[in-house]
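Peer 1: can't give you the sequence, but here's the structure:
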């Protein structure tokens, strides 16, 4: 992916972030945990090197959703913003829809299809994985 300088933030504007550099990966996740975190049938992620993400203002509230995973959100409006895992401490996942220009980070693969809702339609142009697309989760 090309190097990108992009910004985004939560619904109420309390939290703003900026990324510099290329996304490591872009995914569309079908897992139950992501569905519950966002209230939607899937959740799109843009994954960056942690050093390429800067929070301009505001502080994340975090919830440990499973032993290795921490989900960050705005404590004021509740917008889901981040996912980090102890399995990949050098990376930070940002919810694609919270970017000012989410079209810059279209998902390239669908993950956790084993947990997909029956009525969700797959995207045949994307690589598809029953679980994680990574060996380390």
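Peer 2: Sure, I can see it. Here the structure is a predicted model, which is why all the values come from computation and not from measurement. Numbers count the residues shown, from 1 in each chain.
Peer 1: what residue ranges in the protein are flagged as low confidence?
Peer 2: For the chain, applying pLDDT under 70 flags the ranges 1-3, 135-137.
Peer 1: Would you map the helices across it?
Peer 2: Secondary structure of the chain (DSSP state H): helices at 32-38.
Peer 1: all strands of it, in order?
Peer 2: Under the criterion DSSP state E, the chain contains strands at 4-9, 16-21, 25-29, 43-49, 53-57, 60-66, 69-74, 80-85, 91-95, 109-111, 127-128.
Peer 1: OK, contacts around the residue positioned nearest the centre of the chain?
Peer 2: Most central in the chain under C-alpha atoms, centre = their mean is residue 45, positioned 2.9 Å from the mean C-alpha point. Counting by C-beta atoms under 8 Å, 6 or more residues apart in numbering, residue 45 touches 25-29, 83, 93-96, 107. Quick note: C-beta positions are derived from backbone N, CA and C, even for glycine.
Peer 1: Residue 24 now?
Peer 2: Residue 24 neighbours (C-beta under 8 Å, 6+ apart): 47-49, 91.
Peer 1: what does stretch 74-92 contact?
Peer 2: Contacts for stretch 74-92 (C-beta under 8 Å, 6+ apart): 10-12, 14-15, 17, 24, 34, 37-38, 43, 45, 47-51, 53, 58-61, 68-73, 93-95, 98, 134, 136-137.
Peer 1: What subset of those residues is buried?
Peer 2: If you count burial by 16 or more other C-beta atoms under 10 Å, the buried members of the contacts of stretch 74-92 come out as 10, 15, 17, 24, 34, 37-38, 43, 45, 47-48, 53, 58, 60, 69, 71-73, 93-95, 98, 134.
Peer 1: rewinding a little: distance of the residue nearest to the centre of the chain relative to residue 107?
Peer 2: Applying C-beta to C-beta, to the nearest Å, the value for residue 45 to residue 107 is 8 Å.
Peer 1: what do those two both touch?
Peer 2: Shared contacts of residue 45 and residue 107 (C-beta under 8 Å, 6+ apart): 26-28, 96.
Peer 1: which of the residues you listed has the most neighbours?
Peer 2: Greatest neighbour count in the shared contacts of residue 45 and residue 107, by other C-beta atoms under 10 Å, goes to residue 27: 28 neighbours.
Peer 1: If anything else comes up later, I'll come back, but that's it for now.
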